[in-house]
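Undergrad: next come a sequence and a model predicted from it.
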Amino acid sequence: MNRAVRMMFAAALLSAAPFAALAQAWPSKTVRIIAPFPPGGSVDQVSRILAAQLTTQIGQQVIVENRAGASGSIGTQAVATSPPDGYTIGVVFDTHAVNPTLIPGIPFDTLKDLAPVMLIGTSPMAIVTHVSQPYKDFRDLLAAAKREPVAFGSIGTGSLGHLAMTQVADLTGARFTHIPYKGGGPLMTDAIGGQVPVAIGTVFLTNPHVKGGKVRALAVTSAKPSPQMPGVATVADQGVPGFSALAWWGVIAPAATPQPVLRRIYEELKKALGNPAVSQKLSDQGMDIVGGPPEEMDRFLRGEIVRWAKVVNDNKIKAGD
């Protein structure tokens, strides 16, 4: 090895040394998980399940801080502007891929200011109706919506449920009138009471009420039937071939966080998901655990951004509609 090569090699080792040392030192203090939605929702629950297990694993306290508002973008901005040292991460929901298009002037760049850490898991949505309604399955609903508009509720404008039903309308010629709610609780209260004829929400949100006989499941939005809702056919099998729309949860960090630290966080999260008690709690929420590495989450996120940007733009959907 000649002298110039030796010097370049030594310089590379020296430049990498601080990052490697930082990864070895992590964690040396409390780690904060920002949940950009209110307490009680799925993002909050996933965050707290992971925080409890990580606290046990890493020997440092892991706390959850709820920073709700603007479809998750307020809490996500807090992650983007936090020190990139591995001590602040965030758990995001499917709105993370919609907000860049839905919210004009969003104060951060989703792809440049944030680093993907892990795709935790996915879940189908379920389309349900009050038991007094005449729809026995999703084909019935589609047929009715082609005759005249049918109202449906979702957890809010730009939510995955809203966009999924809008895309179904685009693909089939059905007509739906969207009724946005401020969260899953109010949505299901009105669905159970019959104030809204059709509702779409995650399996975790809807399934207890299906099992209780309060609402009837018409379809799930996954490519294959959901084991959590046996006997319920997919949208794809009921008139919209190839259709799939999944809720998802992922972990993000500030973009400048050193790669060795991001890898260390990913490894700890992977270990947490491998704990049977943790995986059972997440499965009980209707989640199919993925545990995908940063590269997988990055590919998935980019695809979701492109897909839902088209739906938002084609239908001129705006935040607050």
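TA: That came through, no problem.
Undergrad: okay, now the unreliable bits of this protein?
TA: Within the chain, the set of residues satisfying pLDDT under 70 comprises 1-24, 320-321.
Undergrad: quickly list the domain ranges of it.
TA: The chain resolves into domains spanning 3-122+247-314, 124-238 when parsed by automatic domain parsing.
Undergrad: chain center to the first one, what's the gap?
TA: Here domain 3-122+247-314 is found 12 Å from its chain centre; the criterion is CA atoms, centre = their mean, to the nearest Å.
Undergrad: check which helix or strand covers the closest residue to residue 86 other than its chain neighbours.
TA: Once flanking residues are discounted, residue 86 sits nearest to residue 261: 4.0 Å by CB to CB, 6 or more residues apart in numbering. The C-beta positions use only the backbone N, C-alpha and C, and glycine is treated the same way. Using DSSP states H and E, residue 261 sits in helix 259-273.
Undergrad: next: residue 151.
TA: Per DSSP H and E: residue 151 is located in strand 150-154.
Undergrad: what packs against whichever helix or strand comes after that strand?
TA: Following strand 150-154 in sequence order, the next helix or strand is helix 160-172 (DSSP H and E). Contacting helix 160-172 under the criterion 3 or more CB pairs under 8 Å, 6 or more residues apart in numbering; DSSP states H and E are the following elements: strand 114-130, helix 138-147, strand 150-154, strand 176-180, strand 198-202, helix 294-314.
Undergrad: would you list these in TSV and tack on mean neighbour count?
TA: Below are those laid out as TSV (neighbours: other CB atoms under 10 Å):
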stretch	mean neighbour count
strand 114-130	25
helix 138-147	18
strand 150-154	22
strand 176-180	17
strand 198-202	27
helix 294-314	16
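Undergrad: figure out which of the ones you listed is closest to residue 287.
TA: strand 114-130 (4.1 Å; CB to CB).
Undergrad: contacting residues around residue 255?
TA: 80, 84, 112, 113, 114, 115 (CB atoms under 8 Å, 6 or more residues apart in numbering).
Undergrad: do the same with residue 197
TA: Going by CB under 8 Å, 6+ apart, residue 197 touches 129, 130, 133, 150, 151, 152.
Undergrad: return the distance of it relative to residue 177.
TA: 10 Å (CB to CB, to the nearest Å).
Undergrad: before we move on, what about residue 165?
TA: Applying CB to CB, the value for residue 165 to residue 177 is 10 Å.
Undergrad: need the residues touching each of these two.
TA: Here residue 165 and residue 177 have residue 152 as joint contacts, going by CB under 8 Å, 6+ apart.
Undergrad: okay if I get the helices and strands packed on helix 160-172 as CSV plus distance to residue 38?
TA: CSV is the format used below for these (distance: least, CB to CB, whole Å):
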stretch, distance to residue 38
strand 114-130, 19
helix 138-147, 30
strand 150-154, 17
strand 176-180, 16
strand 198-202, 16
helix 294-314, 23
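Undergrad: just checking, the residue nearest to residue 86 touches residue 88?
TA: No. The pair residue 261 and residue 88 does not pass the contact test of CB atoms under 8 Å, sitting 11.5 Å apart.
Undergrad: the more surrounded of these two?
TA: residue 261 (24 against 21; other CB atoms under 10 Å).
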